[in-house]
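# what's the 3D shape of this:
(one chain, ligands or ions: 1)
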Amino acid sequence: MVNRFFKNDLVRAEEICGKSLADDPYAKSPYFHFTDWPVVAFDIDHTLARYRLDNLHKLCYDLVVKFLVDKGYYSKETFRPFGELDLSYAQRGIYFYKRKGVFLKLDEEGNIVLAYSGTTLMDLNEALYKYAGSKELIAMKYDPFFREEGADRNEEPVHCFDDFFTTGTIYLLMELVQKCIDEKDPDFELPFKRIMEAYNFLFAKEDFARGEGGFFSALKENPSEYLYTLSSDFLQWLKTLKESKLALLIITNSKADFANFVLGFVIGEDWRDYFDAVITSAKKPHFFTLTVRNFYWLDGFEQGEVVKPGEYAKGREFCHGGFFNLKYIIKAACGHMTPRMLFVGDNLVGDIYACHETMVCGVIGVVEEFGSERSSAWGPMLGTKSEPSFWRRKLEQWTTGIVSSVETLTRYKPDERIIYSSPEFHVFTYRYFKSDLPTRREKVPLVSASKRQIAL
Ligand SMILES: [Mg+2]
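Here you go, the predicted structure:
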C-alpha cells in the first residue's frame, strides 16, 4: 500500500484508493477540495496580482532613498545604487529589534538562528547571550503576530517584515543602522522611523488619484514592468469555480481605485464579471480581528454611505467592514448565511494568521518562496525540512495549504480530492484531525507585544 503521508508527490484520492475509500484505514482522513467551501475569497496584491519582485524592490528602494534625501535626513552621498545586496537580504519574516539595532531570523521554536548587528553578522552565542533573555524577544516569541499600521508603526519594540513591499529596503536599513553604530549614535530606531515615514508617504492611499508619492504613478505609467498578468487558464478556472456554485469574493486592503487599476491590468477591464462581491480598504488584519466594523458603499472610488442592515443584496462593491458582517455579503452572493470561506492570500500576518484566527475559515497561503527560494543571505525563508524556519512552522499550523502562485490552483478541479503535499501544493492534512488541531494554548490573541508584557 502506498504510504500517502510520506510520498512526496501529489496523489489524488482516487489514484490511491480506487473509487471507494471505504477499506482504506485513512478513509475518514480528510482531503481537501474547493467545494468544501461556499465561498472562495482572494486578496489582490501578491495573490491575484503577482509582482515582478526585483523591479518592485528597486522601485521602492529608489523612492525611499529619494524621500530620505529630499527630507534632508541624509545626504545624497550616503546612498549607493540598488544592487545585489538588496535582493539578497530581501526576505519576508525577518525581525528588526529596534532598540538594539539587530536583525533576526528565527527557527521553528522562535529562537534566534541568525543575527546581524547593522550589517555585521553576529556570533550566534553572543547574539543569544545578549538578546535571547530580553523581555521584548520573549514576548515576541509567544506573540509574533502584531502588525504595526500607518503612523503608529513605531510603537512596537520589534518589527516583522511581513510583505514584499518593504523587504527590498531591509539592507538599506541595515546600512543606516551600521552608520549609527559607526558614528556611536545609539538611536537605532531613527533610521527605521524615517524609512517607515517614507513608506507611509509612498503608499498614501489617496495618492493613486493624485499621482503623488511616486509609487502609484510608476505603476500607472508602466504596469507591465511591475506586474504579471493572470493566464487565461486561471481565468477559466475561476469560471469553473463559479459553475460549481461557489461564490467568489475579493477582500483587499487596496483602495477601490488602485484595486480597479491592478485587476484591470492582471485580468482585464471585465474583471468584475469574475467576482460576486468586492471589498476594498478592508484593513486586514483588523478586518478579521476587530470584526464588528461597518461596511460602506462606494461613491465612485470613495467611501459612501454606511450599508444598513438588509441592504447588502443591493450592490456588489463595498469598502471597509469586518468579518462579523461579512456573512450578509456572503448570503447575498451565494444564498447561504455563513461566515465560512476559503481565503487565498499572501500576507503572513494580515491574511494568513488573522484569517486563521477566525477559526471558521480555511486559508491558502500564496507563498512565492515555496519551491523557488532565491539565494539569500538569510538562507531559505521556509528553512529546510530538517531545520524548518519559524514561518514554515506557522504556515504549516495555520494554513489549509500553500502554493507559490495562484496559477498552481488551476491544476485542480473544484471538486477534486487532494490529500497531501506536492512540490507545488502543500495541503496540511493534519489540520483536519481533531487531535492535531492547534490547542487553545497555542492560540494567541492579536495584541501588541507591549500590551502582552503589561498583562504578564
Ligand atoms: Mg497581498
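# Over to the residue nearest to the spatial centre of the chain: give its phi and psi.
Using CA atoms, centre = their mean, the residue of the chain that lies closest to the mean C-alpha position is Asn347, 0.6 Å off. Dihedral pair for Asn347: phi -70, psi 130, per degrees, to the nearest 10.
# likewise Val406?
phi -60, psi -20.
# number of nearby residues for the closest residue in space to Phe96 that isn't next to it in sequence?
Once flanking residues are discounted, Phe96 sits nearest to His159: 4.7 Å by CB to CB, 6 or more residues apart in numbering. C-beta here means a position set from N, CA and C on the backbone, and glycine is covered the same way. Around His159 there are 22 other residues, counting by other CB atoms under 10 Å.
# try the one 5 residues further on
Per other CB under 10 Å, the neighbour tally for Phe164 reads 21.
# before we move on, back to that, quick one: contacts for the closest residue to the residue nearest to the centre of the chain other than its chain neighbours?
Distances taken as CB to CB, 6+ apart put Asp163 closest to Asn347, at 5.3 Å, once the chain neighbours are dropped. Applying CB atoms under 8 Å, 6 or more residues apart in numbering, we find Asp163 in contact with His46, Arg92, Asp346, Asn347, Leu348, Gly350.
# Those: which two are farthest apart?
Farthest-apart pair in the contacts of Asp163 is Arg92 and Gly350; separation 12.1 Å (CB to CB).
# Just want to know which of these two has more residues nearby.
Gly350 (25 against 22).
# Surely the more buried one and Asp162 touch.
Yes - with contact defined as CB atoms under 8 Å, Gly350 counts as touching Asp162 (7.3 Å).
# can you confirm the residue nearest to Phe96 is in a strand?
Yes - assigned with DSSP: H, G, I helix; E, B strand; the rest coil, His159 falls within a strand.
# What's the separation between it and Pro81?
25 Å (CB to CB, to the nearest Å).
# what's the answer for Cys355, then?
Distance, Cys355 to Pro81, by CB to CB: 39 Å.
# For those two, indicate the residue with more neighbours.
Cys355 (32 against 9).
# so what's that one up against?
Neighbouring residues of Cys355 by CB under 8 Å, 6+ apart: Lys284, Phe288, Phe343, Gly345, Cys361, Val363.
# again, but for Ala377
Contacts of Ala377 by CB under 8 Å, 6+ apart are Leu85, Ser88, Tyr89.
# any idea how far the last one lies from the ion?
The span separating Tyr89 from the ion equals 21 Å under the rule CB to the ion, to the nearest Å.
# Neighbours of that residue, how many?
23.
# Which of the helices or strands spans the closest residue in space to it that isn't next to it in sequence?
Using CB to CB, 6+ apart and skipping the chain neighbours, the partner closest in space to Tyr89 is Tyr171 (3.9 Å). Per DSSP states H and E: Tyr171 is located in helix 170-182.
# which helices and strands sit right next to that helix?
Applying 3 or more CB pairs under 8 Å, 6 or more residues apart in numbering; DSSP states H and E, we find helix 170-182 packed against helix 53-70, helix 84-89, strand 112-117, helix 189-202.
# which residues does the closest residue to the ion within the stretch 301-450 of the chain contact?
Residue of the stretch 301-450 of the chain nearest the ion, by CB to the ion: Asp346 (4.5 Å). By CB under 8 Å, 6+ apart, the contact set of Asp346 is Asp43, Asp45, His46, Thr47, Asp163, Phe164, Ile352, Gly365, Val366, Val367, Glu368.
# and it, backbone torsions?
Torsion angles, degrees, to the nearest 10, at Asp346: phi -110, psi -30.
# that older thread, next, format the helices and strands packed on helix 170-182 as CSV and append mean pLDDT.
Formatted as CSV, the helices and strands packed on helix 170-182 follow (pLDDT from 0 to 100):
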stretch, mean pLDDT
helix 53-70, 96
helix 84-89, 95
strand 112-117, 94
helix 189-202, 92
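# most neighbours per residue, which of these?
Highest mean neighbour count among these (mean count of other CB atoms under 10 Å): strand 112-117, with a mean of 21.
# Describe which strands that strand pairs with in its sheet and in which direction.
strand 102-106 (antiparallel), strand 120-121 (antiparallel) (DSSP bridges).
# Looking at those strands, which is nearest to Pro186?
strand 102-106 (13.3 Å).
# picking up where we left off before, how about the residue nearest to the centre of the chain, what does it touch?
Here Asn347 is in contact with Asp43, His46, Asp162, Asp163, Lys284 (CB under 8 Å, 6+ apart).
# switch the cut-off to 10 Å
43, 45-47, 92, 147, 162-165, 253, 284-285, 353-355, 365-366 (CB atoms under 10 Å, 6 or more residues apart in numbering).
# Show the pLDDT at it.
Here the pLDDT value assigned to Asn347 is 91.
# Can you confirm whether stretch 37-54 lies near the ion?
Yes - with CB under 5 Å from the ion as the criterion, the ion is reached by stretch 37-54 at Asp43, Asp45, His46.
# what comes up buried for that stretch?
Within stretch 37-54, the residues that qualify as buried are 37-51, 53, counting by 16 or more other CB atoms under 10 Å.
# just checking, which of the residues you listed belong to strands?
Per DSSP state E, strands hold the following members of the buried residues of stretch 37-54: Val39, Val40, Ala41, Phe42.
# So the last one is in contact with Asp276, correct?
No - taking contacts as CB atoms under 10 Å, Phe42 lies outside contact range of Asp276: 11.6 Å.
# what's the overlap in contacts for these two?
Common neighbours of Phe42 and Asp276, using CB under 10 Å, 6+ apart, are Leu248, Leu249, Ile250.
# Redo those residues as TSV? Include pLDDT and neighbour count.
Shown next, in TSV, are those (pLDDT from 0 to 100; neighbours: other CB atoms under 10 Å):
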residue	pLDDT	neighbour count
Leu248	97	19
Leu249	97	23
Ile250	98	24
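# CSV for these, including secondary structure?
As requested, these are exported to CSV (three-state DSSP):
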residue, secondary structure
Leu248, strand
Leu249, strand
Ile250, strand
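# Would you format those as TSV with distance to Tyr199 included?
Converted to TSV, the shared contacts of Phe42 and Asp276 look like this (distance: CB to CB, whole Å):
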residue	distance to Tyr199
Leu248	31
Leu249	28
Ile250	24
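# Closest one of the residues you listed to the ion?
Set against the ion, the nearest of the shared contacts of Phe42 and Asp276 by CB to the ion is Ile250 (11.2 Å).
# three-state assignment of the residue nearest to that closest one when sequence neighbours are not counted?
Spatial nearest neighbour of Ile250, chain neighbours left out: Val278 (4.4 Å); criterion: CB to CB, 6+ apart. State at Val278, reduced to three classes by three-state DSSP: strand.
# now do Arg92
coil.
# give the contact list for it.
46, 160-164, 166-167, 170, 346-348, 367-369, 378, 381, 391.
# What count of nearby residues applies to Lys205?
Lys205 - counted by other CB under 10 Å - has 16 other residues nearby.
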